[in-house]
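> Fold the following and give me the result.
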Amino acid sequence: MYHFFVEPSLIQGQDIYIEGSDYNHIKNVLRMKIGEVISVGDGLSDKDYRCHIEEYTDTAVHCRLDFIKESGVELPVRVTLFQGLPKSDKMELIIQKCVELGVAEVIPVACSRSIVKLDAKKEKSKITRWNGISEAAAKQSKRAIIPEVKSVMSYKEAIDYARSLDVNLLPYELAEGFDATRKIMGSIKSGQSVGIFIGPEGGFSEEEVKLAEEAGFEPITLGKRILRTETAAMVVLSWLIYIYE
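Model prediction:
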């Protein structure tokens, strides 16, 4: 079953309207017929609107609601990924896969060892593209929400933003062994908000690690092997899936 997102204002009682690029995709690419059933989300709530295509207007796919169900696809913990800006197009892969795995929002972070530097024009273009990738991944994995990719933050701004979260994890190669990590991961409770800080190529500087620890972050290990920056967040998210689902 195909899954699409619409603005909440386009869900009007029993009538649901799909506009924009999805209208063209449904009508001219998928060539879906009147009566075919699709799944619709508002991108904000955990509701899955099951509906069928009623008609095609000049600008929208007009659907009629059949029933609403709680999707139950979202992780029991709300995860924010703070990703140190990586080189080339690695950020696109990170966003795509982490959205598939259940992340709730992604914040690119300019770390001291980040090689990539984005000016205002480049950043705006990148953020637009990254959010498009997030939406496509959310559709593919039938997420209830579309995770937002926020504007790039400095490391200090990211630390300050993370202070409002319940738990912050700092994967770090010098962290204690798995016993400590297992205890930290196991102490996270359903319903809590969790931050995951991932460094760029080259990892975090000692000063950045110190700032995180002073802010109460929990250093964890990802094992005896050094992982690439595009792999690390996926490992932590996979652990959370295993623990809570």
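> ok, and what's touching the top helix by length along the chain?
When every helix of the chain is counted residue by residue (DSSP state H), the longest turns out to be helix 120-140. Residues from elsewhere that reach helix 120-140 (C-beta atoms under 8 Å, 6 or more residues apart in numbering): 3-5, 43, 91-92, 95-97, 99-100, 106, 108, 118, 143, 145-152. Every C-beta, even on glycine, is put in place using the N, C-alpha and C of the backbone.
> mind checking how far the helix or strand hosting residue 156 is from the chain centre?
With the criterion set as DSSP states H and E, the secondary-structure element containing residue 156 is helix 155-162. The gap between where helix 155-162 is centred and where its chain is centred comes out at 18 Å by C-alpha atoms, centre = their mean, to the nearest Å.
> same thing with stretch 26-37?
28 Å.
> Now it - C-alpha only, PDB.
Output of stretch 26-37 as PDB, limited to C-alpha atoms (Å, rounded to 0.1, in the frame of the first residue of the first chain):
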ATOM      1  CA  ILE A  26      -0.400   9.200  -8.100                       C
ATOM      2  CA  LYS A  27      -2.200  10.200 -11.300                       C
ATOM      3  CA  ASN A  28       0.400  10.100 -14.000                       C
ATOM      4  CA  VAL A  29       3.200   7.900 -12.700                       C
ATOM      5  CA  LEU A  30       1.500   5.300 -10.500                       C
ATOM      6  CA  ARG A  31      -1.700   5.600 -12.600                       C
ATOM      7  CA  MET A  32      -3.800   4.700  -9.600                       C
ATOM      8  CA  LYS A  33      -7.500   4.100 -10.300                       C
ATOM      9  CA  ILE A  34     -10.700   5.400  -8.600                       C
ATOM     10  CA  GLY A  35     -11.400   3.200  -5.600                       C
ATOM     11  CA  GLU A  36      -7.800   2.200  -4.900                       C
ATOM     12  CA  VAL A  37      -6.800   2.300  -1.200                       C
END
